[in-house]
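Asker: one predicted model, sequence on top.
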Amino acid sequence: QVQLLESGGALVQPGDSLRLSCAASGFTVDSHTIGWFRQAPGKEREFVAAIGWSDSRTFYADSVKGRFTISKDNDNDTVYLQMDGLKPADTAVYYCASTTVASTRSNEYDYWGQGTQVTVSS
């Protein structure tokens, strides 16, 4: 059974850092791209970052470039999203998802986790 399990969401203050984790199981991650998306209340889901498992190629949304870093742990089939310099605009539910293509488009991702809440507020 394919499973993507996010964790690490929290309430933090502006400027703080947070690391999200996405543990993958039930499929062979080697041929996949794992992506992070987020959805704020009243807004559409948007792409945040992605990483190709086999080549480690990374993709970032312009809004998070230079602040967020995506990485992976090959031994544990886990993808991380390190978020630094958090802003209130980063408040959203963050989802990880998997696809067999190199994509930033949510409709090309096949499997999704349940999401983890990140709230940035003073």
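Answerer: Thanks, I have it. In this text the structure is predicted, and so the values were computed from the model without any measurement.

Asker: point to the residue nearest the middle of the protein.
Answerer: The residue lying closest to the centre of the chain (C-alpha atoms, centre = their mean) is Trp36, at 2.4 Å.

Asker: gap between the two ends of stretch 58-65?
Answerer: 11 Å (C-alpha to C-alpha, to the nearest Å).

Asker: average pLDDT across stretch 8-18?
Answerer: Averaging pLDDT along stretch 8-18 gives 98.

Asker: tell me which residues in it are buried?
Answerer: Counting neighbours by 16 or more other C-beta atoms under 10 Å, one finds that the buried residues in stretch 8-18 are Gly8, Gly9, Val12, Leu18. Backbone N, C-alpha and C define where each C-beta goes, glycine included.

Asker: dump the residues you listed to TSV, plus distance to Leu86.
Answerer: Formatted as TSV, these follow (distance: C-beta to C-beta, whole Å):
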residue	distance to Leu86
Gly8	13
Gly9	12
Val12	6
Leu18	6
